[in-house]
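[1] Build me a model from this:
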Amino acid sequence: MSLGNVFDIAGMGMGVQTVRLNTIASNIANAETVAGSAQAAYRARHPVFVAQPPGAAGNTPGIEFRGQQDSPGASFGVMVAEIMQSDRAPQRRHQPGHPLADEQGYVYASNVNPVEEMADMIAASRSFQLNAEMANTAKSMMQRLLTLGQ
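    Predicted structure coming up:
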């Protein structure tokens with residue numbers, strides 16, 4: 001793998017962390033929503049990441065991975081496989097005066113835990129920052145390499 005591939009890997013890392021941050025933002029925005037039934041209540045969403053092997057669809061064309069195609073465990077980056085909904089049950093609250101309350105007077109609040117989401121947001125933003133820092137380090141290494149001939 002050449003130094004130029006570092007930019008592709010860092011870009012993929014920043015891309016999946018952007019998806020992660022967007023789903024976290026959606027979860028936090030819907031943390032206090034209520035619905036009239038458990039089925040209609042908002043459920044937290046979380047992206048599922050998978051390693052993207054060399055030669056997989058979506059890799060940058062023209063990049064060669066000499067000696068890595070056959071090596072077990074060799075991977076080129078990460079991608080979002082899907083965005084899953086949480087299977088945790090929504091919170092049932094007794095609010096008989098609420099316009100969305102069911103026959104027994106209950107409303108169903110989302111199952112989003114804002115504290116967990118904030119911790120996840122900090123981890124995602126730090127991961128994004130590390131990927132950007134990795135790309136900047138590779139850029140400065142390439143610039144220093146070019147100045148060696150002077």
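
[2] residues in contact with residue 128?
    13-14, 17-18, 21 (C-beta atoms under 8 Å, 6 or more residues apart in numbering). Every residue, glycine included, has its C-beta placed from N, CA and C.

[3] go again using 6 Å as the cut-off
    14, 17 (C-beta atoms under 6 Å, 6 or more residues apart in numbering).

[4] I'd like to know how far it sits from residue 111.
    To residue 111, residue 128 is 26 Å away according to C-beta to C-beta, to the nearest Å.

[5] Go through the helix or strand hosting residue 140 and flag the buried ones.
    Counting by DSSP states H and E, the element that carries residue 140 is helix 114-147. Neighbour counts over helix 114-147 (16 or more other C-beta atoms under 10 Å) mark 117, 120-121, 124, 127-128, 131, 134-135, 138 as buried.

[6] how about those in TSV, adding distance to residue 41?
    TSV is the format used below for the buried residues of helix 114-147 (distance: C-beta to C-beta, whole Å):
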residue	distance to residue 41
117	16
120	20
121	22
124	24
127	30
128	30
131	34
134	40
135	40
138	45
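
[7] What ranges does this structure have for its strands?
    With strands called from DSSP state E, the chain shows them at 34-35, 45-52, 77-85, 91-94, 106-109.

[8] Now do the same contact list for residue 144.
    Neighbours of residue 144 in contact, by C-beta under 6 Å, 6+ apart: none.

[9] Just want the most central residue of this protein.
    residue 20 (2.5 Å; C-alpha atoms, centre = their mean).

[10] so that one makes contact with residue 125?
    No: with contacts defined as C-beta atoms under 6 Å, residue 20 does not count as touching residue 125, sitting 9.3 Å away.

[11] how does this protein divide into domains?
    5-31+45-85+112-147, 32-44+88-111 (automatic domain parsing).
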